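K.L.:
Attaching a predicted model along with its sequence, questions to come.
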Amino acid sequence: MSYVKNVGEKVRSIRESKNLTQDELADRSKLSKELISRIESSKDLPFLAPLIRIARTLGVRMGTFLDESNETGPVIARSESRKSGISLHHLERQSTFDLNFFPLANDKADRHMEPFIIEIKPSGDKQYSMNTHEGEEFIYVLSGDVELSYGGDQYIISAGDSIYYESLTPHHVHSANNKPARVLAVVYTP
């Protein structure tokens, strides 16, 4: 089952178990009904901020949408099992997939952090939509150079560098120098 389909089915299932309509979920999460419908029909998988809003509205962890099992002990993410990732995109650029997420703990139940390997593709786009959501993020650059737009500041971080920041401040991560990059990212949502 593809991650997009899995996420869509879980959002719909949890929404229905809470006896909410798509309109009610859209209204409470401050997202459009069209986006909720596209996610549930597995046509879209938006960036983290909308998924976090949906999770908060439904009273679940964001990771609930990515979970594949309910392992309560340690989980190992083997490199050979990361063959396909999740392509998340910004709502304003629905056809551009410049971030490919490879979840590292989707078998771990009741987690509070979401660790990912993220492949960042150069988009050539100089106009970025800033994201905000609850929590904190940690990024360690494995290869290439990454630019973080954070509030009104710009940070370039290179292979071996890391950055830790509050997610409530508007931010956007993208490739620097129009070249691909790879990062280890951990997103914490309270």
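P.N.:
All right, it came through fine. Here the structure is a predicted model, which means the values were calculated and not measured.

K.L.:
Find the centremost residue of this structure, please.
P.N.:
L48 (3.4 Å; Cα atoms, centre = their mean).

K.L.:
which secondary element of the chain has the worst mean pLDDT?
P.N.:
strand 86-88 (a mean of 60; mean pLDDT, DSSP states H and E).

K.L.:
State the next helix or strand along the chain beyond that strand.
P.N.:
strand 99-103 (DSSP states H and E).

K.L.:
show me where this protein has strands.
P.N.:
Ranges of strands within the chain are 86-88, 99-103, 113-120, 136-143, 145-150, 153-158, 162-166, 171-175, 181-188, based on DSSP state E.

K.L.:
any chance of those in CSV, with distance to R12 and mean neighbour count too?
P.N.:
Just so you know, the C-beta spots here come from the backbone N, C-alpha and C atoms, and that holds for glycine as well. Formatted as CSV, the strands of the chain follow (distance: least, Cβ to Cβ, whole Å; neighbours: other Cβ atoms under 10 Å):
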stretch, distance to R12, mean neighbour count
strand 86-88, 18, 19
strand 99-103, 20, 20
strand 113-120, 21, 21
strand 136-143, 28, 18
strand 145-150, 33, 19
strand 153-158, 38, 14
strand 162-166, 31, 13
strand 171-175, 29, 20
strand 181-188, 23, 19
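
K.L.:
between those, which one is nearest to N6?
P.N.:
Shortest separation from N6 across those is recorded for strand 86-88, at 9.5 Å, computed as Cβ to Cβ.

K.L.:
could I get the strands of the chain as JSON lines with distance to L58?
P.N.:
Formatted as JSON lines, those follow (distance: least, Cβ to Cβ, whole Å):
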{"stretch": "strand 86-88", "distance to L58": "19"}
{"stretch": "strand 99-103", "distance to L58": "19"}
{"stretch": "strand 113-120", "distance to L58": "16"}
{"stretch": "strand 136-143", "distance to L58": "22"}
{"stretch": "strand 145-150", "distance to L58": "29"}
{"stretch": "strand 153-158", "distance to L58": "33"}
{"stretch": "strand 162-166", "distance to L58": "24"}
{"stretch": "strand 171-175", "distance to L58": "24"}
{"stretch": "strand 181-188", "distance to L58": "18"}
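
K.L.:
Confidence-wise, which of these is weakest overall?
P.N.:
For the strands of the chain, the weakest mean pLDDT is recorded on strand 86-88, namely a mean of 60.

K.L.:
Outline the domain layout of this structure.
P.N.:
3-65, 79-188 (automatic domain parsing).
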